[in-house]
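Peer 1: Sequence first, then the predicted structure, then my questions.
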Amino acid sequence: MNYRLHIQLLVSLCLVLVLTLTGCAQSSSSLARESTGSDKLQVVATTTIVADIVQQVGGQAVEVSSLIPAGADPHAFEPSPRDIAIVADAQAVFMSGGGLEAFMESTLRSAGGSARVIVLSEDLIAAENQTSEDHDLEGEADHLHAGDPHVWMDPNNVMDWVAAIETSLQELDPANAELYEANAAAYSQKLQELDAWIRQQVEQIPAENRKLVTDHQIFGAFASRYGFEQVGAVIPSISSSAEPTAQELAALEDAIRAQGVHAIFISSTVNQNLAQQVAHDTGIQLVTLYTDSLTGPEGPASSYLEFIRYNVSEIVNALK
Ligand SMILES: [Zn+2]
């Protein structure tokens with residue numbers, strides 16, 4: 001290691017330590033503003049999906065960075081010391097919540113700052129769990145989406161995010177309140193159009209084919225909104241980090257055959273080996289979707305709107 005790199009490393013380590021120890025929002029935000037030379041609100045989002053929605057509402061007044069890079073799995077993400085320093089510097093931290101970002105509890109503790117933390121899906125997931133409990137007697141189907149944190153698969157839920165982001169940004173930066181209001185209204189309009197487009201697309205799928213098998217449980221919100229049945233998941237969990245037993249895999253293959261399921265939809269962020277095995281055993285196709293992350297700017301799902309359009313088109317093509 002050369003001398004210069006050594007010094008740089010020492011300096012960054014000290015910075016992390018200082019930020020952790022002082023934990024003072026005022027000093028760390030002014031530090032952030034000084035270091036970027038920007039008077040924009042410095043905001044951190046956990047996933048690329050959250051980052052895109054916050055940017056849509058924040059527009060020119062907000063600088064958003066995503067902690068988890070495009071293509072990485074949020075369930076398995078481990079932050080670096082640099083990520084912790086970014087959180088410590090931020091004026092606000094937006095996360096999806098519901099257990100999706102398991103790393104955030106210790107990250108926020110280590111960062112120590114008093115940045116405002118906004119958990120976008122908290123109320124949505126609590127409401128979903130309540131509905132599931134109320135319908136407890138209806139059986140397994142309801143349990144499949146109890147606690148599913150992938151609420152953004154339904155644009156109606158993202159409209160709730162937009163409202164929460166608008167309110168938070170207005171409180172953090174009242175000078176730009178009108179801008180945030182206008183951006184939120186314009187983007188909500190796009191989400192409404194997206195919802196109408198999905199309904200129209202889904203019409204192309206015969207009712208008996210509206211059955212979803214995925215790599216982990218991601219379609220709770222989407223299935224209940226647009227009338228699909230979640231037949232099962234290769235990893236029968238709302239997290240991609242769990243592992244299925246041989247019996248669970250055999251039961252899934254039986255269900256796929258018995259119900260005439262046409263495809264397995266797999267997330268771009270997870271290992272595909274087990275899903276490939278199930279697809280091979282049952283002779284059905286494997287279709288890759290973007291579920292937990294956007295793509296980079298060159299990919300087919302570089303914004304949330306493109307992400308939903310891509311996924312819905314793939315689902316319709318596989319099931320119609
Ligand atoms: Zn996931």
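Peer 2: On my side now, so go ahead.
Peer 1: so which helix or strand takes in residue 215?
Peer 2: strand 211-216 (DSSP states H and E).
Peer 1: what about that strand, average pLDDT?
Peer 2: Average pLDDT, strand 211-216: 94.
Peer 1: what's whichever helix or strand comes after it packed up against?
Peer 2: Using DSSP H and E, the helix or strand that follows strand 211-216 towards the C-terminus is helix 220-226. In terms of contacts (3 or more CB pairs under 8 Å, 6 or more residues apart in numbering; DSSP states H and E), helix 220-226 is packed against helix 122-134, helix 140-145, helix 177-202, strand 229-235. Yep, even glycine has a C-beta here, placed from its N, CA and C like the rest.
Peer 1: and helix 220-226, how far out from the chain's middle?
Peer 2: Distance of helix 220-226 from the chain centroid (CA atoms, centre = their mean, to the nearest Å) equals 16 Å.
Peer 1: got the contact list for that helix?
Peer 2: 124, 128, 144-146, 148, 150-154, 156-157, 198-199, 202, 212, 228-230, 238 (CB atoms under 8 Å, 6 or more residues apart in numbering).
Peer 1: again, only this time at 6 Å
Peer 2: 145, 148, 151, 153, 154, 157, 202, 230 (CB atoms under 6 Å, 6 or more residues apart in numbering).
Peer 1: From residue 83, how far off is the nearest residue to the fourth one once chain neighbours are set aside?
Peer 2: Take residue 153 and drop its neighbours on the chain: the residue closest to it by CB to CB, 6 or more residues apart in numbering is residue 222, 3.9 Å away. Distance of residue 222 to residue 83, given as CB to CB, to the nearest Å: 29 Å.
Peer 1: what about the two, which has more around it?
Peer 2: Neighbour totals were compared for residue 222 and residue 83, and residue 222 leads with 28 against 19 (other CB atoms under 10 Å).
Peer 1: Could I have the CA atoms of the strand holding residue 215 written out in PDB?
Peer 2: Taking Å, rounded to 0.1, in the frame of the first residue of the first chain, the C-alpha atoms of strand 211-216 are listed here in PDB:
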ATOM      1  CA  LYS A 211     -51.200 -18.200 -11.500                       C
ATOM      2  CA  LEU A 212     -47.800 -17.100 -10.200                       C
ATOM      3  CA  VAL A 213     -44.800 -19.100  -9.100                       C
ATOM      4  CA  THR A 214     -41.700 -17.100  -8.100                       C
ATOM      5  CA  ASP A 215     -38.300 -17.600  -6.600                       C
ATOM      6  CA  HIS A 216     -39.200 -16.000  -3.300                       C
END
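Peer 1: what is the orientation angle of that strand with strand 229-235?
Peer 2: Using axes from the mean of the first three to the mean of the last three CA atoms, to 10 degrees, the direction of strand 211-216 lies 20 degrees away from that of strand 229-235.
Peer 1: Please name the strands paired to strand 211-216 in the sheet, noting orientation.
Peer 2: Sheet pairing of strand 211-216 (DSSP bridges) gives strand 229-235 (parallel), strand 263-267 (parallel).
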